[in-house]
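Novice: Structure of the sequence below:
(one chain, ligands or ions: 2)
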Amino acid sequence: MITLESVTKRFGTTTALDAVSLHVERGEIYGVVGTSGAGKSTLIRTVNALERPDAGTVTVAGHRITELDDAALRRSRRHAGMVFQHFNLLAGRTVRGNVELALEIAGTERRRRTARAEEVLDLVGLTDRATHYPSQLSGGQKQRVGIARALATQPEVLLLDEATSALDPETTRSILALLRRLRDELGLTVMLITHEMDVVRTVCDSATLLQHGRVVEQGRLADLVAAP
Ligand code: ADP
Ligand code: ADP
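Specialist: Numbers count the residues shown, from 1 in each chain. Ligands and ions are numbered 1, 2, ... in the order given. Presented below is the predicted three-dimensional model:
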């Protein structure tokens with residue numbers, strides 16, 4: 001579902017990604033783990049086509065996105081939903097309004113938006129919070145909204161950028177359990193980046209450990225022994 005082949009990305013004299021290759025199977029929960037500056041954000045931004053690599057190819061849901069022009073790239077970005085560390089919710093919109101906005105941006109017609117928003121809020125267990133504002137929610141609830149918003153347009157891939165790093169351990173566990181349930185129920189492919197090896201151990205089927213932009217460990221969780 002996601003393949004990187006020898007992806008290199010430089011910022012000036014910094015090599016953020018150095019010939020990184022990895023493969024994520026459909027329906028897999030895949031972790032990319034490493035300390036700050038390892039290249040995790042750059043990697044996930046490359047998968048979401050927010051960064052273009054200097055070399056190598058990136059394939060997402062059958063599209064070789066490194067060869068697409070900007071218009072085709074915007075269309076292909078719909079294959080992936082993105083979830084952020086600090087939720088990135090709009091304070092002036094209700095929970096449902098935040099999800100509806102994502103649908104509006106994606107071009108969903110007005111009369112479908114409310115129904116679809118209610119569907120995904122049900123999926124993440126937030127039906128009774130639909131008319132609340134973000135400031136009235138706990139961190140875990142905010143991240144559920146972030147996940148609902150990412151899923152609203154029915155992507156095949158969910159990308160999470162340190163999605164549990166702002167949450168306490170118990171809330172983290174409940175969000176990770178939600179990811180597993182979504183993978184099981186929707187057949188979703190999940191790629192998450194984190195600096196916490198515990199997150200990878202709890203939820204991932206496979207993982208890559210990055211250090212200074214290089215892959216230092218990679219494989220099925222059962223076979224990975226090293227921790228950062
Ligand atoms: P991580 O997410 O693992 O903390 P990043 O991908 O954010 O790592 O960064 C990897 C390296 O690339 C770091 O040295 C960082 O400073 C550098 N970097 C990332 N983005 C940029 C950018 N837009 N401009 C310059 N340097 C960058
Ligand atoms: P994190 O480690 O939590 O991912 P960063 O501070 O590394 O956060 O990155 C946040 C954003 O800033 C990213 O979009 C990244 O591309 C950008 N960035 C990171 N390092 C640099 C840098 N040295 N110069 C410019 N932009 C950077």
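
Novice: so where does the closest residue to ligand 2 within the chain fall, helix or strand?
Specialist: Taking Cβ to the nearest ligand atom as the measure, the point where the chain comes nearest ligand 2 is residue 41, at 3.6 Å. From N, CA and C alone the C-beta is placed, and that goes for glycine too. Residue 41 belongs to helix 40-47 when assigned by DSSP states H and E.

Novice: Now the nearest residue to residue 134 once chain neighbours are set aside, what are its backbone angles?
Specialist: Spatially, and ignoring its direct neighbours in sequence, residue 134 is nearest to residue 89 (4.4 Å; Cβ to Cβ, 6 or more residues apart in numbering). In terms of degrees, to the nearest 10, the main-chain angles of residue 89 are phi -90, psi 150.

Novice: Measure how buried residue 89 is and give me the count.
Specialist: Neighbour count of residue 89, defined by other Cβ atoms under 10 Å: 22.

Novice: and if you look at residue 6?
Specialist: 13.

Novice: Quickly note the distance from it to residue 217.
Specialist: Taking Cβ to Cβ, to the nearest Å as the measure, residue 6 falls 18 Å from residue 217.

Novice: Stretch 83-97 close to ligand 2?
Specialist: No: no part of stretch 83-97 sits near ligand 2 under the criterion Cβ under 6 Å from any ligand atom; the closest distance found is 6.6 Å.

Novice: which element follows the one helix or strand in the chain whose mean pLDDT sits lowest toward the C-terminus?
Specialist: Lowest by mean pLDDT, DSSP states H and E among the helices and strands of the chain is helix 70-76, with a mean of 81. Counting by DSSP H and E, the next helix or strand C-terminal to helix 70-76 is strand 80-83.

Novice: what distance separates that following strand from the centre of its chain?
Specialist: Put simply, strand 80-83 sits 5 Å off its chain's centre (Cα atoms, centre = their mean, to the nearest Å).

Novice: Just list what it packs against, helices and strands only.
Specialist: Secondary-structure packing of strand 80-83 (3 or more Cβ pairs under 8 Å, 6 or more residues apart in numbering; DSSP states H and E): helix 139-151, strand 157-161.

Novice: Export the shortest one to CSV, keeping only CA atoms.
Specialist: Extracted as CSV, the C-alpha positions of strand 157-161 are listed here (Å, rounded to 0.1, in the frame of the first residue of the first chain):
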residue,chain,number,x,y,z
VAL,A,157,-4.3,5.0,4.3
LEU,A,158,-4.2,6.8,7.7
LEU,A,159,-1.0,8.7,8.5
LEU,A,160,-0.3,9.8,12.1
ASP,A,161,2.4,12.3,13.1
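
Novice: ok, that strand: who's next to it in the sheet?
Specialist: In the sheet, strand 157-161 lines up against strand 80-83 (parallel), strand 189-194 (parallel) (DSSP bridges).

Novice: among these, where is the model least confident on average?
Specialist: Confidence, taken as mean pLDDT, is least for strand 80-83 of the strands paired with strand 157-161 (a mean of 94).
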